[in-house]
Every structure is written in C-alpha cells, then in structure tokens.
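Participant: The sequence isn't on hand, but the structure is:
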C-alpha cells in the first residue's frame, strides 16, 4: 500500500457551546465532501453523527463521533479526520479527550449568543493541549446576529487575538454570503443554492473590505520581518499565497485566530470553512516529533512523525458497540498498527493483540488492514486498555502524557428492580465506567448501596437510560446527592503509637507528625520527611506516606475525601523486632483520624457557574430565586433583546432548576451550568450534611 503524504491529512475537531451548530456544520461537511448523499438534521433526529437513540430524541450530541472525508483544494485531494464533540457541560470529557489527540480545531460561535459559558470551557481545554484553531461565527441568518460583536467577545472573554478573514454580506434575513479578505472576492449564495457564485465585492462594501484587508495584512506582517518591510513600502505587493502562508504560520504558532462566518443550516460558508481548514490548520508533520518518557523513569524519548519509526499511539476513548464489542479509539502518532499485530501497553506491562482495525464513520466501521502515522482509527480485540493508555512497539517502550479528568460532582444511589439483575447491573455499570472516565461507581460501606456519580443530572439520566435500553437493566434510583469534599483549616502536631501484643511477635510503630493544609493549587498528599538520625528507618517512610494517602479517601466529618493535605513526618521510634511496614502504615491511618479531628475540619461543596438567558420581564423573579438558592449574581449584560445573568450557585441548591426556571419565565428563559470550584459549606447546612452521614465530629 502506498504511503499517504501526511501533508495532505488534517485531524480536526469541531467544538462549541451547546446549540451553536456543531453537528449541523459537520453534516454539511459530510454532504459537500460526498460522504453522505442526504443532509441529516439534528432537529429531525436524522444527523449522521448523532447516532445514539438518546441523541436523536434530545437533539443534542452526547458522545464525540469520528468520521473521515476528502476535500479537493487547489487541485489536490486532502483527507480530513473530523471529531464532532458535545457542547453540553456534562459531557465535557468528550471534548477533553478529543482535543488531546487533534492537530487543530474549529471553534463555532453563535452569531446571536456570541461567546457563551461552554465556549470558554472548550477554549481553555484547547489552550491546555496547545491546539491551533480557527473560529466560525455561525447562524448569521438569525435575528439579532452580530459578526463584529462575536469577534469582540472572542477578544474580551477568551483573551484571544481574533483576525477576521471574512466579512458578512448582510445579516439576519438579508445574509447572502461572505467577502474573502485574503482573495478580495465575494462568495454569494442565491435562494436555495448549495454552491456559491464568486463575484467582485459589491461597491457599497468595498471601502469596508479594504479597511479590514489592511488590518489583516498588518496582523500577518507582524509575523514576518521581510513582509513587514514590504507592508510599509508597498502593501499591494504582498501576494495571496504569501498572505496565506503567513496566516498559516501564525495560526500554528497560536499567535492569532482567523475568524470566518456563515450559516451552516442555510449551507452558506461551509465551502470556505473547508478551504480554510486545509489552508490554515496544521497537518501531522507540523508537529516535528512526538515526545514521551521511558516507562518508570523521567528519561525523555522523541520520535519523528513517520510511519517507518517505532509505533507510538494514544488510546483516547473506549466505546462499546453491540456488534463488534469494545472499540478503542486510537491516534497513531508514529509507526503503524497492522490488523492482527501485538502492541505493548506500559501501564499494564503487557502486550495486547489488535485483531481488527476500523476507520470510523460515526457508528459505522470500515475495516482496514493497516493504520499509519498521523491517522485516527478504532481497534478491536484488546483485553485491558483504558482511556489515556499509550500503545507502543514492545521493543521501544514509551509513555505519553496521559489526560486529566474532572471529578464527578453529583451522585445517585441505584438498585436493580429484580434480584436476578444484580450481576447484570454490576457488569453494565463496569462497562459504562470503562467508557467514561468521569462516571464512577462505588458501593457505600455503611448502607451497601451502589452509588453512581457523574458530572450532572443529564449525565446520570443518560447513563440510566443506556442501562435500560442497551443492557436491559431496569433500576430504581434515589434522590441526587452532591459529592462533597472535606478539608482541614488548622495546623496540628500529633504523636501516635501503634502497639499490639498478642503473644509472640507483636506490632509497633511510633510517629510524630505535623498536619496542615496543603499549599494553594496543590492536590493530593504533600509528604515531607523531616526525621533526623534514623529514628524512623528509611524503609518504613514510604509505608507512612502510603497510610496517609489512603486515609485521605475518608474525611473525619462525614466520610468525604480530602482533596489536599500536607504532612511533615517529624520524628518517631521503632522496635527492632516488632516494627514492620504494616505497623507504620496503620500508625499513619489511625494518627490521621485523631489529628484531623483537632485540625478544624470543614466541609466543601461544589459551586457551579450559572448563565441564565432571559427576557427582561422575568429578571426580578429569577434573581430573587437565585438569592434564595444561596446564589451570588456576578454580573448582567444585554444580548439582543434578552438579558444574561451570570451567577455562582451551590450545586446542592440546583436540582430541578430547569423546571423552576421554565415556570418563572413561562418557558422563555434558558440556562447552562458548569463546575467552577469547591467552597466551604455554611455551618448550619454542614451540620445537616454531617448528621445525615452519621458524622463523628462536632463542627467547630
């Protein structure tokens, strides 16, 4: 098989706030590239990429779907791997893991809504993984559409450097097409036209187009000294190809973000968007090499992006398919995977056989014999691969940086309707937890109940729906519970002597330690060994650390985990016969419980960032309701005939909020919510939570 030139491959994602038009845009791309012969619509439940029953019923994207299409640009065929991601905050993990493996992204913004809450979240995620992106202001045909308002918000709210590459011709009902500022041509769509006609720029828009063209050339010239000199001497001498090359360089360096516009639903602007994806977003070779570490060490290893190099791939998603079983979505960075070959997983230190390979088109698989560097595929036949695992050549082991996922903030107790479904439910929940790293299952030690935790009410609703439809397990569910956390606020020095004599060899460990809150921004256990003179032998120190680390899973107030803690081991003693690792581990665990009770423990609750869009008439009632929910209104702004309220509200007060909001506003207001931070629970509410959880400590 001839090797594909990676210069002609693009791996991109489409990301945005819910309802900005991601799936609609992807459907147009599939239609115009010839992959599908009929345009699917989200609102009809016929979108190719929204294949889950739950997605079709709700008209939203729940799981990221991958597909491949081909687009001709400047007489050359390009391969585009696209991942369509969800916009709802409960499924933000789908965006996170997709961005981890993509080379570029298209950020969609609604021309009416501008930069909305989830737009900020996905933008931060793209910054975190260094993903270059282009912006597409969609829905230019809608009432209240404002292209320049959206550009201004991208600059102000996202801290980006947006540079328009296009200007709209008209807006709302009169939106006809776009002016391309690079080529200085107008692309116009007549009524019902699928393809644009290329014309000269209308006379009445020529002056504005020249002004913005000059701003574009100036922004591009900043990236290149030689071009800057020519810009001052003779700006007209800069050719279209030179301008495109410099814009591409600036996009890949993330120095600025090109802004395009259109209306995907009306098929306007999608051709230009595809051209821009090819022209400005990076190909796999723009990242010169892939870097990881030698397993078990900090030694850095790098390989150039090349199919002839050793295999380096990242498993970024596990999914269950009713026909082929478990699928592992994989990005191949270097080397190649052959169907039937073995790959090495450094996490398990085992080889995995990849029996079959597929190129994915939504939920349909196209079998492949080989997948090479720069491509995205799905593997079948593995035994133990998890999200974030590195897959590599057994002879050249390497570990890539994995992914971090947010902790669940809401939990629900579930039980099967019939006793015979108990095992079935356990297996189904295990499969769902393997697919989704933000979905956790645990058994409550006190009640014996199975508690499932996720990112929000909708997230758990979808999980329970999938249990019923896919796994045929009917469940009873309890009321939603907030995932609280605990923390200590004081500093305590404590000594614990662990001693057990039961005839023969006993157990002995003596530790003196200081417990205090961890430094801001640090998570987990910060352990410092300050023991002098070998009073606690070196071989027992890791056991002390392990004891404290495990003890943090249960706080002393209500059994909720501690997110961070600092322990300094100051001194101690040991017995030459009775002391062992287990004794010091137990001393740490019991010492933790005793010390934490004196260290002014507090309860922390998740605080959510809430955005409510409402007509002016209902503002008073909605703000009064937020105050009743312990919410803090942080700002209000106008948005085309509506008001936007930004607030921070405790999650525990937000259950069923959507129904209440509809009632207050006669169904005309909408809201979106995402996790922001943990904050201390007020004393009176903390007391109720502690009593409900059989707390063992008086609140100070």
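Facilitator: Arrived safely. The shown structure was predicted, so the numbers you read here are calculated from the model rather than taken from an experiment. Numbers count the residues shown, from 1 in each chain.

Participant: Now do the one helix or strand residue 126 maps to, average pLDDT.
Facilitator: Per DSSP states H and E, residue 126 falls inside helix 117-128. In this model, helix 117-128 has a mean pLDDT of 81.

Participant: partners of the helix or strand following that helix, with directions?
Facilitator: Tracing the chain past helix 117-128, the next element assigned as helix or strand by DSSP H and E is strand 133-138. Strand 133-138 has the following strand partners under DSSP bridges: strand 104-110 (parallel), strand 257-261 (parallel).

Participant: quick check: angle from strand 133-138 to helix 117-128?
Facilitator: Put simply, strand 133-138 runs at 160 degrees to helix 117-128, going by axes from the mean of the first three to the mean of the last three C-alpha atoms, to 10 degrees.

Participant: Strand 133-138: how far from the chain's middle?
Facilitator: Mean-position distance between strand 133-138 and its chain equals 19 Å (C-alpha atoms, centre = their mean, to the nearest Å).

Participant: What of stretch 92-108?
Facilitator: Centre to centre, stretch against its chain (C-alpha atoms, centre = their mean), the figure for stretch 92-108 is 7 Å.

Participant: What segments of the stretch 351-500 of the chain are helices?
Facilitator: Secondary structure of the stretch 351-500 of the chain (DSSP state H, counting those that start in this stretch): helices at 422-435, 457-469.

Participant: now the shortest one: mean pLDDT?
Facilitator: So that's helix 457-469. With pLDDT averaged residue by residue, helix 457-469 scores 83.

Participant: Output the longest strand belonging to the protein.
Facilitator: When the chain is scanned for its longest strand (criterion: DSSP state E), the result is strand 601-614.

Participant: list the helices and strands that strand packs on?
Facilitator: Counting contacts by 3 or more C-beta pairs under 8 Å, 6 or more residues apart in numbering; DSSP states H and E, strand 601-614 packs against strand 485-488, helix 619-628, strand 642-650, strand 670-680, helix 683-692. (Each C-beta comes from the backbone N, C-alpha and C, glycine too.)

Participant: okay, the helices of the stretch 351-500 of the chain in JSON lines with distance to residue 181 and mean neighbour count next?
Facilitator: Converted to JSON lines, these look like this (distance: least, C-beta to C-beta, whole Å; neighbours: other C-beta atoms under 10 Å):
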{"stretch": "helix 422-435", "distance to residue 181": "44", "mean neighbour count": "16"}
{"stretch": "helix 457-469", "distance to residue 181": "40", "mean neighbour count": "19"}
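
Participant: Residue 627: which of these is closest?
Facilitator: The closest of the helices of the stretch 351-500 of the chain to residue 627 is helix 457-469. By C-beta to C-beta, the value is 22.0 Å.

Participant: looking just at contacts, which helices and strands does the closest one meet?
Facilitator: Checked by 3+ C-beta pairs under 8 Å, 6+ apart, helix 457-469 has helix 53-58, strand 410-416, helix 422-435, strand 450-454, strand 475-477 packed alongside it.

Participant: mind listing what the shortest one pairs with, with the direction of each?
Facilitator: Strand pairing for strand 475-477, using DSSP bridges, gives strand 410-416 (antiparallel).

Participant: re the thing from before, make JSON lines from the helices of the stretch 351-500 of the chain and add distance to residue 448 to it.
Facilitator: Output for those, formatted as JSON lines (distance: least, C-beta to C-beta, whole Å):
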{"stretch": "helix 422-435", "distance to residue 448": "12"}
{"stretch": "helix 457-469", "distance to residue 448": "19"}
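
Participant: check contacts around the residue lying closest to residue 467 once chain neighbours are set aside.
Facilitator: Nearest residue to residue 467 in three dimensions, chain neighbours excluded: residue 473, at 4.8 Å (C-beta to C-beta, 6 or more residues apart in numbering). Taking C-beta atoms under 8 Å, 6 or more residues apart in numbering as the criterion, residue 473 is in contact with 416, 421, 424-425, 428, 467.
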